[in-house]
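Colleague: task: produce atomic coordinates for the following.
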Amino acid sequence: MNFRISKLRNIGIAAHIDAGKTTVSERILYFTGVNRKIGETHDGQATMDFMKQEQERGITIASAAITAQWNDHQINLIDTPGHVDFTIEVERSLRVIDGMVAVFCAVGGVEPQSETVWNQADKYRVPRIAFVNKMDRTGADFNEVVNQMNNYLGANALPIQLPIGSENTFQGMIDLVGMKTITFSEKERIVSEIPDELKAPAMQARNFLIEKLADYNDKVAECYLEETDVDEEVLKQAIREATIKLLVTPVLCGAAYKNKGIQLLLDAIVDYLPSPTDKGAVIAHDPDDEEKTIQRQPSLNEPFSALAFKLINDPYVGQQTFIRIFSGKLSSGMSLYNVNKGKNERVGRIFRIKAKEREEINEAGAGEIIALVGMKYTRTGDTLCNENHPVLLESIQVPPAVIEMKVNIEDKKNRDKLGEALAKLTNEDPSFHSHFDEETEETIIAGMGELHLEILVERIRDEFKVPISVGAPSVSFRETITTETESNYKHAKQSGGKGQYAHTVIRFEPNPGKGFEFVDMTKGGVIPKEYMPSIQKGLLAAMAKSPVAGYPVVDVKCVLLDGSFHPVDSSDMAFQLCAAMCFKQGFKKANPVLLEPMMKIEVNTPDDYIGNVTRDINKRRGRIENMRRFRKGSQKLDGFIPLMEMFGYATALRNITSGRANYSMEFYQYAPMPAAKQEEIIKQRIAEEKVNK
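Modeller: Numbers count the residues shown, from 1 in each chain. Prediction:
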């Protein structure tokens, strides 16, 4: 293994859609020598956006991984999507990176998805540096973006550069650490002394930088109090330490499309973002006792541990499993233990990935992000480790699917092919689900939004060559109970030979936000312990489709109070059927309600259209939580709207604001539906079922 762990940087690039993430990534690949020419998103030639659907739309859909070299350091770079429909891609990338470059548009500033990504990075405690891109665009305002980062994100933004000019006068920047001017000619950077007319603002900005860092570093504080200059290396070390501890966010600027500022961004990645050794030990759990924690240091001498964070089906090599190695060494032919599945996996081939290109290697070590070929059982979020030293790493949270679509297959002969395609896509993307509805004989797919499902449908047609048609998207409702009730059900059948007997008395209680819970409170062995899993199985089967409107039931606590069994006629199946009927009987008495997905929405609109936007949100059963000044002449509205009212919202918003407003939404939670609306949905559901029968 020819690398030192301290020289590794595992970084993600994340931002709101259209802030220029992929353009920044392409310039990084060019300046690090990975690419000999620069790919662009607008002409479909971007290295990182290699899927057909990405090239057609000019957006990033799947997070792409690539390895590059800069200043004797290895940078593993992950470019993530900005669209909220693909939030799982950001979530799983943040789980395995050590540092992040947050890209902001100098014109758009802190956009809705920027906040979502920032909050995700906070959750995983990922150190960040910020790059204010598009400084050459009309309306670019570096200071305003820094202010927004502090006001909306609590970023403690710390400019380490001062832009020289903006919009069409943007020439370069003053490096406040080295106190030099950097301008650009073609793709070369030109370092020179600071011109006299810029010395005063540069000194003022540097003093602000030193004053901020004095709070976190004793050496800088000493120089600040004694009013002596701070050595460049001391300043760099202070910025690095404060960044890694999440105390500050260094802010750089540039114009990626014009090749301005990228080399300095690469320097900052190496100088200020952490290596795996800086991040220290990963905390894992003992698979046999989840309360017990185990540490794994980022060292080649520790037992092997890694997290699988992404699966891709490659037409040439088959399934690739992307893993982040947290400790130990890996070599081809090794046997690994999958803790989640309880199975051994044999490592076939190991690849270092360069987007759609790949380089085969024989071994890899702690801190690296690589792809494995030959994994049979491993899925997203699984832990791979040494069988003699098992650990369970924290998995990846998958948001619930909120939108459904019916898929019809034109030729029944292709049904198996469709099943294979759906299985592969589900493996790749944990936020995508599919199931076959026996009653309607339709395949239902579910995901995070209209664009998410649209992309997956295209992939089924293009990649897997399955001709399908789709029905209009529909909302994925849930049902729950609102009052406590008790149900007593006896299942007894005798039809010659061995009969069936089971008896349960179950109390059903509302369990908001806690999902399904089963508690056994029986005494004296009235029901033998071996039947408890059967009772749970029966309850879960009944909850998959409620007896009222046929939607899945959530948030119910089932307390088994009493019952009886027969030594001959009782069986697993008898108790499953009994528990299911007991639930159906009790559910109807517990005042069931329909739950609908509520979306958290943020609308950016010019002041002139506030009234139009507010009225439209109210009409859609939405509520506005707060309004805040976004920038001069425009405001941000935060609120919540039911998903079923959001279809076609993009077009409506465009019409009522003359195309000047934009919005972003993400799933928030399931909430009870108004009684009148609930009645309407249930009637519609019953009518549909009659037609299908």
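Colleague: and Arg685, how far is that from Ser474?
Modeller: 10 Å (C-beta to C-beta, to the nearest Å). Backbone N, C-alpha and C define where each C-beta goes, glycine included.
Colleague: and Ala242, helix, strand or coil?
Modeller: The local conformation at Ala242, judged by DSSP: H, G, I helix; E, B strand; the rest coil, is helix.
Colleague: helices and strands around the strand or helix carrying Gln669, which ones?
Modeller: Using DSSP states H and E, Gln669 sits in strand 662-672. Packing partners of strand 662-672 (3 or more C-beta pairs under 8 Å, 6 or more residues apart in numbering; DSSP states H and E): helix 112-123, strand 593-606, strand 634-642, helix 649-656.
Colleague: okay, the angle between whichever helix or strand comes after that strand and strand 593-606?
Modeller: Counting by DSSP H and E, the element after strand 662-672 in chain order, helix or strand, is helix 675-692. With axes from the mean of the first three to the mean of the last three C-alpha atoms, to 10 degrees applied, the angle from helix 675-692 to strand 593-606 works out at 110 degrees.
Colleague: so for helix 675-692, what gets flagged as buried?
Modeller: 678, 681-682, 685 (16 or more other C-beta atoms under 10 Å).
Colleague: mind exporting that helix as PDB, just the C-alpha atoms?
Modeller: Below are the C-alpha coordinates for helix 675-692, written out as PDB (Å, rounded to 0.1, in the frame of the first residue of the first chain):
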ATOM      1  CA  ALA A 675     -62.400  14.300   8.100                       C
ATOM      2  CA  ALA A 676     -64.000  15.600   4.900                       C
ATOM      3  CA  LYS A 677     -60.900  14.900   2.800                       C
ATOM      4  CA  GLN A 678     -60.500  11.500   4.500                       C
ATOM      5  CA  GLU A 679     -64.000  10.500   3.600                       C
ATOM      6  CA  GLU A 680     -63.400  11.600  -0.100                       C
ATOM      7  CA  ILE A 681     -60.200   9.500  -0.300                       C
ATOM      8  CA  ILE A 682     -61.800   6.400   1.200                       C
ATOM      9  CA  LYS A 683     -64.800   6.600  -1.200                       C
ATOM     10  CA  GLN A 684     -62.400   7.000  -4.100                       C
ATOM     11  CA  ARG A 685     -60.400   4.000  -2.900                       C
ATOM     12  CA  ILE A 686     -63.500   1.800  -2.500                       C
ATOM     13  CA  ALA A 687     -64.700   2.800  -6.000                       C
ATOM     14  CA  GLU A 688     -61.300   1.900  -7.500                       C
ATOM     15  CA  GLU A 689     -61.300  -1.500  -5.800                       C
ATOM     16  CA  LYS A 690     -64.800  -2.200  -7.200                       C
ATOM     17  CA  VAL A 691     -63.600  -1.300 -10.700                       C
ATOM     18  CA  ASN A 692     -60.500  -3.500 -10.400                       C
END
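Colleague: quick one: mean pLDDT for it?
Modeller: For helix 675-692, mean pLDDT is 79.
Colleague: quick check: closest non-adjacent residue to Phe142.
Modeller: With sequence-adjacent residues excluded and distances taken as C-beta to C-beta, 6 or more residues apart in numbering, Phe142 is closest to Pro163, at 4.9 Å.
Colleague: measure the one you found to Thr378 for me?
Modeller: From Pro163 across to Thr378, the span is 46 Å (C-beta to C-beta).
Colleague: also Val96?
Modeller: On the measure of C-beta to C-beta, Val96 and Thr378 end up 14 Å apart.
Colleague: do Ala541 as well
Modeller: Distance of Ala541 to Thr378, computed by C-beta to C-beta: 28 Å.
Colleague: of the two, who's got more company?
Modeller: Thr378 (24 against 14; other C-beta atoms under 10 Å).
Colleague: A helix includes that one, no?
Modeller: No: residue state for Thr378 (three-state DSSP) corresponds to coil; a helix is not indicated.
Colleague: quick check: phi and psi at it.
Modeller: Note on Thr378: backbone dihedrals following degrees, to the nearest 10 are phi -70, psi 130.
Colleague: that one touches Thr321, doesn't it?
Modeller: Yes: here Thr378 reaches Thr321: they are 5.3 Å apart, a contact under C-beta atoms under 8 Å.
Colleague: now do the shared contacts for these two.
Modeller: Shared contacts of Thr378 and Thr321, defined by C-beta atoms under 8 Å, 6 or more residues apart in numbering, comprise 308, 311.
Colleague: just checking: what are the partner strands of the strand holding Gln669?
Modeller: strand 593-606 (antiparallel) (DSSP bridges).
Colleague: C-terminal to the partner strand, what's the next element?
Modeller: helix 610-619.
Colleague: now do that following helix: distance to the chain's middle.
Modeller: 30 Å (C-alpha atoms, centre = their mean, to the nearest Å).
Colleague: give me the angle between that helix and strand 634-642.
Modeller: Between the axes of helix 610-619 and strand 634-642, defined by the same axes, to 10 degrees, the angle is 10 degrees.
Colleague: name the surrounding residues that touch helix 610-619.
Modeller: By C-beta under 8 Å, 6+ apart, helix 610-619 touches 601, 603, 605, 623-624, 627, 635, 637, 639, 641, 652-653, 656-657, 661.
Colleague: buried sites along that helix?
Modeller: Under 16+ other C-beta under 10 Å, the buried positions of helix 610-619 are 610, 612-614, 616-617.
Colleague: cool, and stretch 601-612?
Modeller: 601-605, 609-610, 612.
Colleague: and stretch 339-347, by the same measure?
Modeller: So, applying 16+ other C-beta under 10 Å, buried residues of stretch 339-347: 339-340, 345, 347.
Colleague: how about stretch 474-481?
Modeller: By neighbour count with 16+ other C-beta under 10 Å, stretch 474-481 contains the buried residues 475-481.
Colleague: contacting residues around the closest residue to Ala590 other than its chain neighbours?
Modeller: Spatial nearest neighbour of Ala590, chain neighbours left out: Ile481 (3.7 Å); criterion: C-beta to C-beta, 6+ apart. The contact partners of Ile481, by C-beta under 8 Å, 6+ apart, come to 508-510, 553, 556, 587, 590-593.
Colleague: of these, closest to Glu227?
Modeller: Nearest to Glu227 among the contacts of Ile481: Pro510, at 65.0 Å, using C-beta to C-beta.
Colleague: might one say that Gly280 is in contact with Ser299?
Modeller: No: Gly280 is beyond contact range of Ser299, at 10.8 Å (criterion: C-beta under 8 Å).
Colleague: higher neighbour count, the two?
Modeller: Legend: neighbour count by other C-beta under 10 Å for Gly280 and Ser299, higher for Ser299 (17 against 12).
Colleague: confidence score at that one?
Modeller: 92.
Colleague: same question for the one 5 residues further on.
Modeller: If you check Phe304, the pLDDT there is 95.
Colleague: nearest residue to it in space, ignoring adjacent ones along the chain?
Modeller: Gly328 (3.3 Å).
Colleague: check the gap between the one you found and Ile350 for me.
Modeller: In terms of C-beta to C-beta, Gly328 sits 14 Å off from Ile350.
Colleague: how about Leu235?
Modeller: For Leu235 relative to Ile350 (C-beta to C-beta), the value is 40 Å.
Colleague: repeat that for Glu394.
Modeller: Taken as C-beta to C-beta, the span from Glu394 to Ile350 is 24 Å.
Colleague: likewise for Leu560?
Modeller: 50 Å.
Colleague: cool, Asn313 as well?
Modeller: For Asn313, the distance to Ile350 equals 18 Å [C-beta to C-beta].
Colleague: give me the more crowded residue out of those two.
Modeller: The neighbour comparison of Asn313 against Ile350 (other C-beta under 10 Å) goes to Ile350, with 24 against 16.
Colleague: residues contacting that one?
Modeller: Ile350 neighbours (C-beta under 8 Å, 6+ apart): 330-332, 360-364, 370-372.
Colleague: which of these fall in helices?
Modeller: Members of those lying in helices (criterion: DSSP state H): none.
Colleague: redo these as TSV? Include distance to Asp18 and neighbour count.
Modeller: Formatted as TSV, the contacts of Ile350 follow (distance: C-beta to C-beta, whole Å; neighbours: other C-beta atoms under 10 Å):
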residue	distance to Asp18	neighbour count
Leu330	38	23
Ser331	42	13
Ser332	41	16
Glu360	36	11
Ile361	35	16
Asn362	41	11
Glu363	40	16
Ala364	35	25
Ile370	31	25
Ala371	29	23
Leu372	34	25
